[in-house]
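Student: Let's see this in three dimensions:
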Amino acid sequence: MITSMTGFGSSVIEEGSTRIGIELKSVNHRFLDLTLNMPHPLMYLENQIKDCVRSHVRRGALSLYLSVEGSTSVSPTIHTNWDVVDQYVESAREMSRRIGADSWDYSRIMMLPGVFSIREADDEAAKKIEPLVLKAVELACLRLVDMRRIEGGKLRKDLLEKVSAIEEHMAELKEEAPHVRQHYAERLRASVTDFLEKHTLDENRLMNEVAVFADKSAIDEELTRMDSHLSQFRTLLDLSSDSRPVGRQLDFLIQEMNREMNTIGSKGNSITISHQVVTIKSEIEKLREQVQNVE
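Tutor: Reported below is the predicted structural model:
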C-alpha cells in the first residue's frame, strides 16, 4: 500500500515533574528534508533523532518541534555574580561615607548591570532525560507513519479511479486505431493519384512509399506501451510502502504516458483521436498532481 508524504504525529511523555512533548509534521518533498526545533542542551541528540525519523520515513519535508517542561536538566539558571555585587556594595558604602548619607537602598544594586547572568544547562545535565526524549520521538514517528498510511490509502483509491477513467478512454482509442491508418492511406493515395495525373513517375514505387508512410502513422505501438504503463502503475500502487518508496517511479510513468499521448495526437489525424487524447492528457495531469504526494 502506498504512503502519503503528508501527515502529523505527536507524543507526550511524563515522568515525575518532567513533561516531554513532540510534534512532527510532514509535507511532500522530492527528498527527505528534516528540520529540528529543540532546546539547545539537547542538540547533541540531533543525529540520533534524525536516524530515528529516517528509519520510519524515506521522503518528505519534515519539521520536528521538541519541548521540555518541568525539568531543570535543560532549563537555564540565574547566577548571581557575587564578586560584582561586592564591588557595588563597597562602592555604595564609600559613597555614603563621602556624602554623609545615613542609608541607601540596597535593592537598587539588583538593577545594576553584571549582577545576574543566565547559564544554559550543559549536555551532562540534559542526559538525564535522554531516554524520555528518544522514546517520545519514536512514538511521534509511529503516529506520523500511521497517518501517512491512512492518507496513502485515500490517495491509492483516487489514483485507481483516475487510471480506470484513462483506461475507458483508451478503449475508445483502440476502436478508432484500425481506421486511422486506413483513412490516412486513402487520403494520401488520392492526393498522389491526382499528382500522377499531371506528372510522370514510377507509380508502383510511389504507392509502396505511400503504404510505408501510412504504416508509420499507425498508433498501435503507442497504445501497447500505454497499456504497459498503466499496468505498471497499478502494480506500484499495490506495493508495500515498507519495501521502497514508489512516488518517483509513478512520476516517471506519468511522464512516459504523456510522451505516448503526444505521439498519438501527432499521428492520429482524426477528430475522435484528438478528442480522446485531450481528455486522457487531462486525466494524466490529475494523476501527476496527486502523485506528488506519494512517498
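Student: in the stretch 101-250 of the chain, which spans are strands?
Tutor: Using DSSP state E, counting those that start in this stretch, the strands of the stretch 101-250 of the chain run over 116-119.
Student: Three-state assignment for Ser91, please.
Tutor: Three-state call for Ser91 (DSSP: H, G, I helix; E, B strand; the rest coil): helix.
Student: list the contacts for it?
Tutor: With contact set as CB atoms under 8 Å, 6 or more residues apart in numbering, Ser91 has no partners. For glycine as for every other residue, the C-beta is placed from the backbone atoms N, C-alpha and C.
Student: please redo it, this time with the cut-off set to 10 Å
Tutor: Residues near Ser91 by CB atoms under 10 Å, 6 or more residues apart in numbering: Ile109.
Student: Could you report the distance from it to Gly247?
Tutor: Using CB to CB, to the nearest Å, we find Ser91 at a distance of 70 Å from Gly247.
Student: and if you look at Arg98?
Tutor: In this view, Arg98 and Gly247 are 79 Å apart by CB to CB.
Student: which of those two has more neighbours?
Tutor: Of the pair Arg98 and Gly247, Gly247 is the one with more neighbours under other CB atoms under 10 Å, namely 22 against 8.
Student: looking at it, that one is touching Val294, isn't it?
Tutor: Yes - using CB atoms under 10 Å, Gly247 is in contact with Val294, at 3.9 Å.
Student: Quick check: neighbours shared by these two?
Tutor: Common neighbours of Gly247 and Val294, using CB under 10 Å, 6+ apart, are Ile2, Thr3, Ser4, Met5, Asn28, Arg59, Leu236.
Student: Ramachandran angles for the closest residue in space to the last one that isn't next to it in sequence?
Tutor: Right, Leu236. Excluding its sequence neighbours, the residue lying closest to Leu236 (CB to CB, 6 or more residues apart in numbering) is Val246, at 4.5 Å. When read as degrees, to the nearest 10, the backbone of Val246 gives phi -120, psi 0.
Student: Tell me which residues touch Val246, please.
Tutor: 2-3, 233, 235-240, 253, 291, 294-295.
Student: Which of these fall in helices?
Tutor: Using DSSP state H, the members of the contacts of Val246 that fall in helices are Phe233, Thr235, Leu236, Leu237, Leu253, Val291.
Student: ok, which pair from these is furthest apart?
Tutor: For those, the farthest-apart pair by CB to CB is Thr235 and Val291; their separation is 14.6 Å.
Student: These two: who's more crowded?
Tutor: In terms of neighbours (other CB under 10 Å), Val291 is the more surrounded of Thr235 and Val291; the figures are 24 against 11.
Student: For that one, give its distance to Glu175.
Tutor: Distance of Val291 to Glu175, given as CB to CB: 29 Å.
Student: cool, Asp220 as well?
Tutor: As defined by CB to CB, Asp220 lies at a distance of 13 Å from Glu175.
Student: Report the contact partners of Met5.
Tutor: Counting by CB under 10 Å, 6+ apart, Met5 touches 26-30, 32, 57-62, 148, 151-152, 155, 245, 247, 292-295.
Student: Could I have the buried ones of the residues you listed as ChimeraX selection syntax?
Tutor: In ChimeraX, this line selects whichever of the contacts of Met5 come out buried by 16 or more other CB atoms under 10 Å:
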select :26,28,32,57,58,59,60,61,62,148,151,152,155,245,247,293,294,295
